[in-house]
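**Q** Any chance you could fold what I've pasted below:
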Amino acid sequence: MFHRVLGALSRAFLVVVLIIIPSMLLPNVSNDAAQVVALVAFFGAALTFFEYVSAYPGLVEFRDAPPFNRVRFTSLFTTIVLLSLIARGTQNPTIVTEFVTAVGALIGYVLDFPYSPVRLMILAMPDGSSVQELEMMREAAGMSYLISLMALSIFLIVLRLGHWPSRSGSFNVWINLPTFDPTAGGDVVERLKRDARFNIVIGFLLPFLIPAVLKSATNLFGGLGTTTDQSMIWAVAAWAFLPSSLFMRGIAMGRIASMIAEKRRQTYARVDLDHLPA
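**A** Alright, predicted model coming up:
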């Protein structure tokens, strides 16, 4: 019980750090914005703590199947930190911010080709955006998209080398997939495979759909600008993080379906051997 509470507290602390990083790194953050960030950080920490301190399932999937959530959190954490440094460099440049901005600019130019997700994010900028704002969006989009691709690659490597989730012990579907009901009807393996394919397809389409949605919402919300740095950071981070997260979820569910199918084959083979005549 002590280790569970300690783990929940450490995860809640990391969530707080993740949420407040932009406010800590960006200059000239208003008091109202800081209060909103503190409130969101409090609720995020409370949700994380009660989720991980409980022995029963909640909202977080693959809670007891590391390193699924660790890879996702690390990718989001890295994205938020680097985007915050890029935004900080526009007002208070340092050697670190200049280096991160240069790397983001290089990646952005490489990934900025016709119909690419990075190009679509740049086109989602409001009409009349300055050259500096477009450059900043290219740098942020390129950096965040590269991190999402690296996170997906790392997860695939861990999946292959670590034989996930078999080396993590027994896999509890009830705990790790709280939104999946095995008794809802139909074959569990087929439903898992169908959900896996659906998540992969949505993960592939989201980088192209999100810029279109942002562009169409310009009249309602004023478009995706870089005048509010925190909004830009979280919007670009979500644009890159959500597709890779859905990709990993689909791959993980497909792996679980294969594991269940393999267990079935072993069980059926064992039953057949038991019924063979002596």
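**Q** Please, which helix or strand holds residue 190?
**A** Under the criterion of DSSP states H and E, residue 190 resides in helix 188-216.
**Q** Pull out the buried positions in that helix.
**A** 188, 191-193, 195-196, 199-200, 202-203, 206-207, 210-211, 214-215 (16 or more other Cβ atoms under 10 Å). In short, each C-beta sits where N, CA and C put it, glycine included.
**Q** And that helix, what does it pack against?
**A** If contacts are counted by 3 or more Cβ pairs under 8 Å, 6 or more residues apart in numbering; DSSP states H and E, helix 188-216 sits against helix 117-123, helix 229-274.
**Q** For the last one, what does the pLDDT average out to?
**A** This points to helix 229-274. Regarding helix 229-274, the rounded mean pLDDT is 86.
**Q** three-state assignment of residue 182?
**A** coil (DSSP: H, G, I helix; E, B strand; the rest coil).
**Q** Contact partners for it?
**A** 173, 188 (Cβ atoms under 8 Å, 6 or more residues apart in numbering).
**Q** Show the model's pLDDT score for it.
**A** 73.
**Q** List phi and psi for it.
**A** Main-chain dihedrals, residue 182, degrees, to the nearest 10: phi -70, psi -20.
**Q** re the thing from before, could you give the separation of the helix holding residue 190 from the chain centroid?
**A** 13 Å (Cα atoms, centre = their mean, to the nearest Å).
**Q** ok, now stretch 137-155?
**A** 11 Å.
**Q** list the buried ones in it?
**A** Within stretch 137-155, the residues that count as buried by 16+ other Cβ under 10 Å are 137-149, 151-152, 155.
**Q** Likewise for stretch 92-101?
**A** Buried residues in stretch 92-101 (16+ other Cβ under 10 Å): 97, 100, 101.
**Q** from memory the first one sits against residue 82, does it?
**A** No: with contact taken as Cβ atoms under 8 Å, residue 97 and residue 82 are classed as non-touching, separated by 9.9 Å.
**Q** about what we covered before: looking at the buried residues of stretch 137-155, which is nearest residue 9?
**A** Closest to residue 9 out of the buried residues of stretch 137-155 is residue 151 (25.1 Å), distances taken as Cβ to Cβ.
**Q** For that closest one, give me its contacts.
**A** Counting by Cβ under 8 Å, 6+ apart, the residues that residue 151 touches are 71, 72, 74, 75, 244, 248.
**Q** which secondary structure element contains the residue lying closest to the last one once chain neighbours are set aside?
**A** Put plainly, it is residue 248. Spatially, and ignoring its direct neighbours in sequence, residue 248 is nearest to residue 155 (5.1 Å; Cβ to Cβ, 6 or more residues apart in numbering). Element membership of residue 155 [criterion: DSSP H and E] is helix 131-162.
**Q** ok so, going back, name all residues that make contact with the residue nearest to residue 248.
**A** So residue 155 contacts 67, 68, 71, 248, 251 (Cβ under 8 Å, 6+ apart).
**Q** Can you tell me which of the helices and strands packed on helix 188-216 is most buried?
**A** helix 117-123 (a mean of 21; mean count of other Cβ atoms under 10 Å).
**Q** what does that one contact?
**A** Counting by Cβ under 8 Å, 6+ apart, residues outside helix 117-123 touching it are 108, 111-113, 134, 137-138, 141-142, 145, 207-208, 211-212, 215, 224, 236, 239.
**Q** try 6 Å this time
**A** Outside helix 117-123, the residues within contact range by Cβ atoms under 6 Å, 6 or more residues apart in numbering are 111, 112, 134, 137, 138, 141, 142, 207, 211.
**Q** ok, the second one to residue 90 distance?
**A** In this structure, residue 112 lies at 19 Å from residue 90, with Cβ to Cβ, to the nearest Å as the measure.
**Q** same deal with residue 264?
**A** Applying Cβ to Cβ to residue 264 and residue 90 gives a distance of 57 Å.
**Q** likewise residue 209?
**A** 28 Å.
**Q** Could you list the domains of this protein?
**A** Split into domains by automatic domain parsing, the chain comes to 1-55, 65-274.
**Q** returning to what we had before: wait, which of the contacts of residue 151 is closest to residue 52?
**A** residue 72 (14.6 Å).
**Q** what's the burial count for the closest one?
**A** 19 (other Cβ atoms under 10 Å).
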